[in-house]
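K.L.:
quick one, structure for this:
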Amino acid sequence: MYAPTNNHGYVALVTAIFVAASLLVFVIAVNFEGYFSRFTVVESDQKERASFLAEACLETTRLRIAKDIDYNDPDPVNVGGRTCDIVSVTTHGSYTDWRIVEVQGTDGGAVTNLRAVLDADSLPTVRIDSWEEVGSF
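P.N.:
Just a heads-up that it's a prediction; the model follows:
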């Protein structure tokens, strides 16, 4: 004879384990998303500080050219306890009052390289004719 079996408890137990495992995977995934997004925020802050440092170096170079039209002394610049680098200052072709300036700001792993064309035609004002961020010099 065939004896009836009672599988109702087994189905409920397997369902409960499956739901618990699904919730655990979901919670872990959400937790790691928050963990890794923290690094994205840190990298973004470092890039912003590197950009500010490069801009500070560019402004320092403008000031130095305004004081001395023949300024051509690339060196590090101290900005609030951090440093940026004036990489090069060169004459722009046949325009003797124009300078091509390359500066670099670094913070952590973030680097900002700026190349600018400065017009020192009407000293003591040194006008920025153009600037761009470049990958490397």
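
K.L.:
so how far is stretch 74-83 from its chain's centroid?
P.N.:
Its chain's average C-alpha position is 18 Å from that of stretch 74-83, according to Cα atoms, centre = their mean, to the nearest Å.

K.L.:
for the record, mean pLDDT for stretch 62-72?
P.N.:
Average pLDDT, stretch 62-72: 91.

K.L.:
put the alpha carbons of it into PDB.
P.N.:
The C-alpha coordinates for stretch 62-72 follow below in PDB (Å, rounded to 0.1, in the frame of the first residue of the first chain):
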ATOM      1  CA  ARG A  62      50.900  85.300 -14.300                       C
ATOM      2  CA  LEU A  63      52.000  87.400 -11.300                       C
ATOM      3  CA  ARG A  64      55.700  86.500 -11.900                       C
ATOM      4  CA  ILE A  65      55.400  87.500 -15.600                       C
ATOM      5  CA  ALA A  66      53.700  90.700 -14.600                       C
ATOM      6  CA  LYS A  67      56.700  91.500 -12.300                       C
ATOM      7  CA  ASP A  68      59.300  90.300 -14.800                       C
ATOM      8  CA  ILE A  69      58.500  89.900 -18.500                       C
ATOM      9  CA  ASP A  70      61.500  87.600 -18.900                       C
ATOM     10  CA  TYR A  71      60.400  85.200 -16.200                       C
ATOM     11  CA  ASN A  72      61.400  81.700 -17.200                       C
END
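
K.L.:
mind listing residues that contact that stretch?
P.N.:
Contacts with stretch 62-72, where a contact means Cβ atoms under 8 Å, 6 or more residues apart in numbering, come from 61, 73, 89-90, 97, 99, 118, 120, 123-126, 128. No exception for glycine: its C-beta is placed from N, CA and C like everyone else's.
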